[in-house]
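Asks: make a model of this:
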Amino acid sequence: MKKLLLVLVAVLGLSFAANAQNIGGRFGGVGTPHAAGFGAELSYQHFVANTNRLELDLGFSRSNDNYINFAIAYHWVLPIAGDFSWFIGPAVNLGYCNNHGFGLAAGAQGGAEWNPKNAPIQLAVDFRPVYEFVLPEHCAYNGFGYGVAFSVRYRIH
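Replies: I've put the predicted structure just below:
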């Protein structure tokens, strides 16, 4: 399981490294019923139109089971004041719950971020509620989950 995660992280990192705009980590809840514990995700953001962006997260969580997830979210980014912005948009999550199979969830992601002009970092806090409509077999969870996370990313853009 750990080898599979390392291979997935390496492939994702290499495929996006040349075009990365914001890359870093997302730490906290990943947003599924199976990953209710603490998780960590490799996070990549790519701007698609003006300030709108696509966020791709590949992560691992451990609660009752080991859980590997891949999340995609589309963000509309709107300024608050100065270096602060907020974002919101739809999200989809595909995950693998150890010994139970695959799950598919849809929901949203929203939060606030700080992009200081004098430093190439981004700090963000977000909330990702989802409903898992394809549940892994033999799981005792219902289909609703959420995660609150803190992100630190290096800004290339």
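
Asks: pLDDT at the residue most central in space within the chain, what is it?
Replies: Nearest residue to the geometric centre of the chain (CA atoms, centre = their mean): residue 57, 3.9 Å. Note for residue 57: predicted pLDDT of 94.

Asks: please, where are all the strands along this structure?
Replies: 22-28, 39-49, 52-62, 66-81, 84-97, 101-114, 121-134, 144-155 (DSSP state E).

Asks: returning to what we had before: pairing partners for the residue nearest to the centre of the chain in the sheet, please.
Replies: On the basis of DSSP bridges, residue 57 is bridged to residue 43, residue 71.

Asks: surely it is in contact with residue 42?
Replies: Yes - using CB atoms under 8 Å, residue 57 is in contact with residue 42, at 7.0 Å. Where you see a C-beta, it was placed from the backbone N, CA and C, and this is true even at glycine.

Asks: ok, the residue nearest to the centre of the chain - contacts?
Replies: By CB atoms under 8 Å, 6 or more residues apart in numbering, residue 57 lies in contact with 26, 30, 41, 42, 43, 44, 69, 70, 71, 72, 73.

Asks: distance of it from residue 143?
Replies: 20 Å (CB to CB, to the nearest Å).

Asks: next: residue 59.
Replies: 20 Å.

Asks: how about residue 100?
Replies: Note on residue 100: its distance to residue 143, by CB to CB, is 14 Å.

Asks: good, we can wrap up now.
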